[in-house]
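Participant: From the sequence below, what's the structure:
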Amino acid sequence: MKKNLDMTEGKPISLLWAFTFPTLMGNLLNQVYSITDSIVVGRYLGQTALAAVLLFRKYPMMRMRRQDLRLHGKLLRQITVLAVPIAVQSAFNNLGNLVAQSAVNLFGEATMAAYTAASRIGTLALMPVETIGSSLSVYASQNHGAGKPQRIRQGVRASLQLSLVVSTVLGAFLLLCGRQMAGLFLAEPSAEILTVVQRFLLITAVPGILAGVMQVYQQVLRGVDKANQALMGGVMQLITKIAVVAVGAWGMRNLDVVWLGWPASFVAGTVIPYFCFQKIAREMETE
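Facilitator: Next up is the predicted model:
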């Protein structure tokens, strides 16, 4: 059986990429499955069940044992402290998307159809930087436990570099192929719909580095057991997105201003985690 990936030794950028790439591929395959499943509901249920059986047989640690049914109070508290802020932030993200959908509905059916397609493309485009952030959380957790704060800083720099490269490539791809990708989700889209899709991607997904920076600083805080500080970034992200979207939709009636809610929220969601990490990193390095 292969050993677990030890992130406390070696080049941070190589370790992060080694963890990010297979995770990203798995996420992409899951997204492809979800999109396909939305077209043919339930068609692949048998394959899903087969995959679960194969995983169960290949990885013994996934098998349920009698001792697994015991309640471990200390472990439960530790998991709860980490999980609750993440769950709350996920709820915030869904609330922000709900407000955004309500705002988009004001602009008519063509805009609604365009937003449905564009948001799916945007989700796929931002997935790589989100995966890099998740990989950094694991990397930071291992090095925090090993008492190597300098490597955590190195990991943050490496993650920012990876995010910059990936977001630049994807941004260029969206500029060139965004309109064509809309055809995957819409049958014979009109010129109006394609224009809305392109504007959405240009404003929200092309500047993906902003989302990447936010993910890096929020996720590194989770890796060093500071999930509450990461949650504060999520709160600012939600407030900013709702405020900008509301001004664009109900105040100015300008769709481009609505789309600006995404990059503005990425910036707002970075501020508190950035300064919290700088303070925490200094404290760790002086201990």
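Participant: So for the helix or strand containing N94, mean pLDDT?
Facilitator: If you go by DSSP states H and E, N94 is part of helix 73-104. The average pLDDT for helix 73-104 rounds to 83.
Participant: and if you look at stretch 130-145?
Facilitator: 91.
Participant: for stretch 190-199, same thing?
Facilitator: For stretch 190-199, the mean per-residue pLDDT is 90.
Participant: Give the buried residues for that stretch.
Facilitator: The neighbour-count check on stretch 190-199 (16 or more other C-beta atoms under 10 Å) flags 193-194, 196-199 as buried. In short, each C-beta sits where N, CA and C put it, glycine included.
Participant: picking that back up, for the helix holding N94, which helices and strands make contact with it?
Facilitator: Contacts defined by 3 or more C-beta pairs under 8 Å, 6 or more residues apart in numbering; DSSP states H and E place helix 73-104 against helix 109-145, helix 227-246, helix 255-259.
Participant: let's see 10 Å
Facilitator: Judged by 3 or more C-beta pairs under 10 Å, 6 or more residues apart in numbering; DSSP states H and E, the packing partners of helix 73-104 are helix 109-145, helix 208-223, helix 227-246, helix 255-259, helix 261-286.
Participant: Report the angle between that helix and helix 261-286.
Facilitator: With axes from the mean of the first three to the mean of the last three C-alpha atoms, to 10 degrees defining the directions, helix 73-104 sits at 150 degrees from helix 261-286.
Participant: tell me which element S167 falls in.
Facilitator: Judged by DSSP H and E, S167 forms part of helix 149-182.
Participant: what is the orientation angle of the helix or strand following that helix with helix 261-286?
Facilitator: Where DSSP H and E defines the elements, the next helix or strand beyond helix 149-182 is helix 191-200. Angle, helix 191-200 to helix 261-286, by the same axes, to 10 degrees: 20 degrees.
Participant: What are the contacting residues of helix 191-200?
Facilitator: The contact list for helix 191-200, computed with C-beta atoms under 10 Å, 6 or more residues apart in numbering, reads 104, 107-119, 121-122, 174-175, 178-183, 185-186, 189-190, 206, 255-256, 258-259, 262.
Participant: Now that helix - C-alpha only, CSV.
Facilitator: The C-alpha trace of helix 191-200 is given here as CSV (Å, rounded to 0.1, in the frame of the first residue of the first chain):
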residue,chain,number,x,y,z
ALA,A,191,-26.7,36.5,-29.8
GLU,A,192,-28.1,38.3,-26.7
ILE,A,193,-27.6,35.2,-24.5
LEU,A,194,-24.0,34.7,-25.8
THR,A,195,-23.2,38.4,-25.1
VAL,A,196,-24.5,38.1,-21.5
VAL,A,197,-22.5,34.8,-21.0
GLN,A,198,-19.3,36.5,-22.3
ARG,A,199,-19.7,39.6,-20.1
PHE,A,200,-20.4,37.4,-17.0
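Participant: Off-centre distance for that helix?
Facilitator: Relative to the centre of its chain, helix 191-200 is centred 24 Å away, using C-alpha atoms, centre = their mean, to the nearest Å.
Participant: Can you check the pLDDT for the closest residue to I193 other than its chain neighbours?
Facilitator: Using C-beta to C-beta, 6 or more residues apart in numbering and skipping the chain neighbours, the partner closest in space to I193 is A114 (4.4 Å). In this model, A114 is scored at 89, pLDDT.
Participant: tally of neighbours for A114?
Facilitator: Other residues within reach of A114 by the criterion other C-beta atoms under 10 Å amount to 28.
Participant: And for the one 5 residues further on?
Facilitator: S119 is surrounded by 21 other residues when neighbours are defined as other C-beta under 10 Å.
Participant: That one reaches T204, doesn't it?
Facilitator: Yes: when contacts are counted by C-beta atoms under 10 Å, S119 is listed as touching T204 (8.6 Å).
Participant: just to revisit the earlier point, need the contact list for the residue nearest to I193.
Facilitator: Neighbours of A114 in contact, by C-beta under 10 Å, 6+ apart: 104, 107-108, 182, 185-186, 189-190, 192-200, 255.
Participant: For G10, give its distance to M214.
Facilitator: Distance of G10 to M214, given as C-beta to C-beta, to the nearest Å: 26 Å.
Participant: More neighbours: which of these two?
Facilitator: Neighbours per residue (other C-beta under 10 Å) separate G10 from M214, with M214 holding more: 26 against 12.
Participant: give the contact list for that one.
Facilitator: Under the criterion of C-beta under 10 Å, 6+ apart, the neighbours of M214 are 129-130, 133, 163, 233-234, 237, 265-271, 273-274.
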